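1. Dropping the sequence and predicted coords here.
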Amino acid sequence: MKQILFPTDFSEAANTAFIYALRFADSFGAELVVLHVYDLPIVETPPLPESTKEIFDIVEMNQFESFREQLPELHKLAERKNLGHVRMRNILLYGDLIYNINKVCADEGIDLIVMGTKGASGLKETFLGSSTASVIANAKVPVLGIPAEAEYHPIKSIAFTTQYKDKDNDALAQTLEIARKFEASVLCLYIKNDDDPEDIEERINEWKIFYRSEKIDFFNIAGDHIEQTILDFIQNQNVGMLVMRTHKRGFFESLFHRSLTKKMAYHSKIPLLVFHEG
């Protein structure tokens, strides 16, 4: 992992994610690319084209000034966490967030996106905000979503949800790489149901043999409600990060909706790493 992208709107939620971005960059010796994307206001039927251009010029200048003023604050935050040595680069772009994130990922060879999450339209009850959910659904590289309520703690255990499919192996290999850097254990979680494939036991045994030299435990739990079973597992095993391989936005919103459980305050502090199914 050489390049980590940190998209930010300089909000409190983003600053929470910044600490994780710094820790990951430090652990991997990676460079952190700080990205701020802004849009121009909608101007309805202006009297003169010149006045529209003037408005846009002012907005662009204000965005540039704001960006320049906010960056020292990030560096101070890094210094306070003894992470001032992490290499950082800054990019300011105009336009659509998803388009620009994908463009920067392609141009800069980004390996991981780390971004803060907050509820859509300011609602606290959803774990993933609309922006982060959209990035997860559309990004070509893994996305690490950090809840606004999260506080950085050393990651000691990582839950990896799997169906023991061959295409899960790439995501697991990258998860193991992260686990080694943080000296964490990996907990493979499979949720059994009535639709289990006939060869599932065989697949599980193959994985156990293949990964026998790794720090992995295997959990196969019966559960009709996938989301609730995962949440219970996170709490029971004191999981520090959840890893999934999917692109279904609706699933995340149902997974981290507060109405699922009264103990959601605990779950909302767990970082979520998503590998695109692609």
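-> That came in fine, so what should we check first? Numbering: from 1, shown residues only.
2. got the CA coordinates for stretch 218-229 in PDB?
-> Taking C-alpha atoms only, stretch 218-229 is exported to PDB below (Å, rounded to 0.1, in the frame of the first residue of the first chain):
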ATOM      1  CA  PHE A 218     -13.300 -19.300  11.700                       C
ATOM      2  CA  PHE A 219     -16.900 -18.700  12.900                       C
ATOM      3  CA  ASN A 220     -19.900 -20.300  11.200                       C
ATOM      4  CA  ILE A 221     -23.000 -19.000  12.800                       C
ATOM      5  CA  ALA A 222     -26.700 -19.700  12.000                       C
ATOM      6  CA  GLY A 223     -28.800 -16.700  11.600                       C
ATOM      7  CA  ASP A 224     -32.000 -15.700   9.700                       C
ATOM      8  CA  HIS A 225     -31.200 -12.000  10.000                       C
ATOM      9  CA  ILE A 226     -27.800 -11.400   8.500                       C
ATOM     10  CA  GLU A 227     -27.400  -7.700   9.700                       C
ATOM     11  CA  GLN A 228     -28.400  -8.500  13.300                       C
ATOM     12  CA  THR A 229     -26.100 -11.500  13.400                       C
END
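3. Now find how far off-centre that stretch is within its chain.
-> 23 Å (C-alpha atoms, centre = their mean, to the nearest Å).
4. Glu12: neighbouring residues, count only.
-> Applying the criterion other C-beta atoms under 10 Å, we find 9 residues in the vicinity of Glu12. C-beta here means a position set from N, CA and C on the backbone, and glycine is covered the same way.
5. Same question for Gly84.
-> By other C-beta under 10 Å, 13 other residues sit near Gly84.
6. That one touches Leu77, doesn't it?
-> No: between Gly84 and Leu77 no contact is recorded; they are 9.4 Å apart, counting by C-beta atoms under 8 Å.
7. Look up which residues are beta-bridged to the residue nearest the centre of the chain.
-> Note on the chain: the residue nearest the mean C-alpha position is Leu144, at 1.8 Å, using C-alpha atoms, centre = their mean. Note on Leu144: beta-bridge partners Val114, Leu273, judged by DSSP bridges.
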